[in-house]
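Enquirer: Pasting a predicted model and its sequence here:
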Amino acid sequence: FEKTFPIGKEFGVVLVRENGFNYEIATFRSDSPYSDGRRPNAVIFSDPRQDALRRDFTINALFLNPLNNDEVIDFVGGQDDLRKHLIRFVGDPQTRVEEDHLRLLRAVRLKNQINGQYHPETYRALQVNASLIKTVAAERTQNELNKILLSPRRVPALQDLFELGMLVEVLPELVALKDFAQPYQYHREGSVWEHTLQALGSIKHKPSLILVWAVLLHDIAKPATFTEEKDRVHFHGHSELGGEMSEEILRRFKFPRRLIEKVRWLVEHHMLILTIPEMPRVRQLVWWNHPWMKELLALWRADLLGTTPHDLVTYREYRRLWLEAKKQIPKKLPKLISGEEVMQILNLPAGPRVGEILAEIKQAQLLGEIKTKEEAKEILKKFQS
């Protein structure tokens with residue numbers, strides 16, 4: 001091959017670029033012991049059988065031979081486990097877990113991806129070793145959690161994480177939701193945990209990562225704000241505190257700053273949406289035209305559908321108001337500052353962030369807070385990090 005790039009030379013992995021496509025080519029290998037719970041101390045180049053025996057799950061240890069009528073080469077019973085929808089570690093489960101602790105989360109993801117079951121020995125290994133998941137690097141844990149939350153079977157996967165004892169290690173704040181009752185007249189689905197799961201399960205389309213994390217964390221502060229009063233239980237200020245807690249959690253998993261900022265804003269404002277029609281007309285227009293209003297409405301819809309009984313009549317009316325307000329924004333507001341100037345002043349690359357900043361400047365214009373270029377530049381100071 002003419003274009004090759006060593007991306008994992010020590011593991012025998014080379015990237016080949018051919019006809020506009022990238023191919024990862026790996027040499028068959030077996031591994032020496034793992035001392036860090038992630039990588040082998042050394043690798044030994046071997047044969048297909050030895051390579052299969054070092055892999056995590058039987059369904060991940062299958063080879064396809066394109067030179068022999070797409071023959072499937074199976075040394076570990078992976079095809080049979082696929083037919084049975086069974087997640088089973090290759091060889092000794094304890095050894096496989098000790099080699100890479102991330103396999104604990106990956107087992108849950110794959111089991112739900114195939115809508116399957118755990119082999120009994122695999123299940124026991126996951127339970128016994130659940131605490132090891134907290135030793136995994138934050139970025140790797142984040143990646144697996146993202147895949148779980150974006151999956152259509154995110155709810156049973158979260159239930160598995162709870163039952164196996166992993167959720168308390170990676171997201172203890174969520175486990176706390178299970179013990180907190182809600183006002184029966186509004187939440188017959190049960191606890192805050194049950195409400196959160198029902199809200200997550202209501203998302204049927206392909207959601208954004210921001211939306212699934214916002215739905216997951218929207219009521220995260222209810223345990224910390226729980227009060228019992230004469231009429232019912234209350235959670236005063238849970239959205240504001242929830243925003244703070246969401247930021248702490250997402251920082252723990254090393255999420256990008258922009259995602260953290262947006263999820264925090266959505267959690268903080270998920271109750272505010274009810275008050276918009278009561279605001280002065282100009283203020284309503286500003287809120288309905290907030291650049292993140294579409295996601296806020298999606299969060300509110302999931303919140304409503306996570307409630308039993310639920311009614312979307314109010315949501316549909318608010319969505320109508322949002323669409324109407326978008327048409328009423330004056331199209332000829334004076335342009336106080338350009339995207340190029342925003343990029344230059346804030347040292348930003350071209351992208352969605354520039355558009356969001358321009359939208360906020362437009363909102364300030366609508367409210368009459370700024371009228372000149374100098375005032376617009378002054379607003380930019382709050383975006384400087």
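Expert: Noted; the coordinates are in hand. Numbering: from 1, shown residues only.

Enquirer: Residue 130 and residue 165: what is the separation?
Expert: Using C-beta to C-beta, to the nearest Å, we find residue 130 at a distance of 4 Å from residue 165. Backbone N, C-alpha and C define where each C-beta goes, glycine included.

Enquirer: quick one: which of the two has more around it?
Expert: Higher neighbour count among residue 130 and residue 165: residue 130, with 20 against 17, using other C-beta atoms under 10 Å.

Enquirer: so who does the more buried one touch?
Expert: Contact analysis of residue 130 by C-beta atoms under 8 Å, 6 or more residues apart in numbering lists 104, 164-166, 169.

Enquirer: in the chain, what spans have low per-residue confidence?
Expert: Within the chain, the stretches with pLDDT under 70 are 8-12, 29, 31-45, 182-187, 329-332, 385.

Enquirer: residue nearest the centroid of this protein?
Expert: Centroid-nearest residue in the chain: residue 146, 3.8 Å away (criterion: C-alpha atoms, centre = their mean).

Enquirer: residues in contact with that residue?
Expert: Contacts of residue 146 by C-beta under 8 Å, 6+ apart are residue 209.

Enquirer: a helix runs through it, doesn't it?
Expert: Yes. Residue 146: assigned to a helix according to DSSP: H, G, I helix; E, B strand; the rest coil.

Enquirer: ok, now how distant is it from residue 290?
Expert: The value you get for residue 146 to residue 290, if C-beta to C-beta is used, is 25 Å.

Enquirer: Equivalent analysis for residue 49, please.
Expert: Between residue 49 and residue 290 the distance is 59 Å, computed by C-beta to C-beta.

Enquirer: Same check on residue 75?
Expert: 56 Å.

Enquirer: in what helix or strand does the closest residue to residue 271 other than its chain neighbours lie?
Expert: Distances taken as C-beta to C-beta, 6 or more residues apart in numbering put residue 239 closest to residue 271, at 4.6 Å, once the chain neighbours are dropped. Assigned by DSSP states H and E, residue 239 falls within helix 238-252.

Enquirer: how distant is that helix from the center of its chain?
Expert: In this view, helix 238-252 has its centroid 14 Å away from the chain centroid, taken as C-alpha atoms, centre = their mean, to the nearest Å.

Enquirer: Please list the residues outside the helix or strand hosting residue 296 that contact it.
Expert: Here residue 296, judged by DSSP H and E, is contained in helix 293-305. Helix 293-305 is contacted from outside by 198-200, 202-203, 207-208, 210-211, 214-215, 218, 262, 266, 269-270, 273, 287, 290, 310-312, 314-315, 318-319, 322, using C-beta under 8 Å, 6+ apart.

Enquirer: change it to 6 Å
Expert: When contacts are defined by C-beta atoms under 6 Å, 6 or more residues apart in numbering, helix 293-305 is touched by residues 199, 202-203, 211, 214-215, 266, 270, 273, 310, 315, 319.

Enquirer: tell me what the helix or strand following it is packed against?
Expert: From helix 293-305 onward toward the C-terminus, using DSSP H and E, the following helix or strand is helix 313-328. When contacts are defined as 3 or more C-beta pairs under 6 Å, 6 or more residues apart in numbering; DSSP states H and E, helix 313-328 sits against helix 281-288, helix 293-305.

Enquirer: Report the inter-axis angle for the shortest one versus helix 313-328.
Expert: Going back to what we said before, that points to helix 281-288. Angle of helix 281-288 versus helix 313-328, following axes from the mean of the first three to the mean of the last three C-alpha atoms, to 10 degrees, is 100 degrees.

Enquirer: Contacts for stretch 108-115, please.
Expert: For stretch 108-115, the external contacting residues (C-beta under 6 Å, 6+ apart) are 85, 87, 118, 147-148, 153, 156-157, 160-161.

Enquirer: and with 7 Å instead?
Expert: Applying C-beta atoms under 7 Å, 6 or more residues apart in numbering, the contact partners of stretch 108-115 are 57, 85, 87, 117-118, 144, 147-148, 151, 153, 156-157, 160-161.

Enquirer: Let's see that stretch as CSV, backbone CA atoms only.
Expert: C-alpha atoms of stretch 108-115 as CSV (Å, rounded to 0.1, in the frame of the first residue of the first chain):
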residue,chain,number,x,y,z
VAL,A,108,-23.8,-3.6,29.6
ARG,A,109,-23.8,-1.6,26.4
LEU,A,110,-23.5,-4.7,24.2
LYS,A,111,-26.0,-6.7,26.0
ASN,A,112,-28.6,-4.0,25.5
GLN,A,113,-27.5,-3.3,21.9
ILE,A,114,-28.4,-6.9,21.0
ASN,A,115,-31.4,-6.9,23.4
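
Enquirer: what comes up buried for it?
Expert: 108-114 (16 or more other C-beta atoms under 10 Å).
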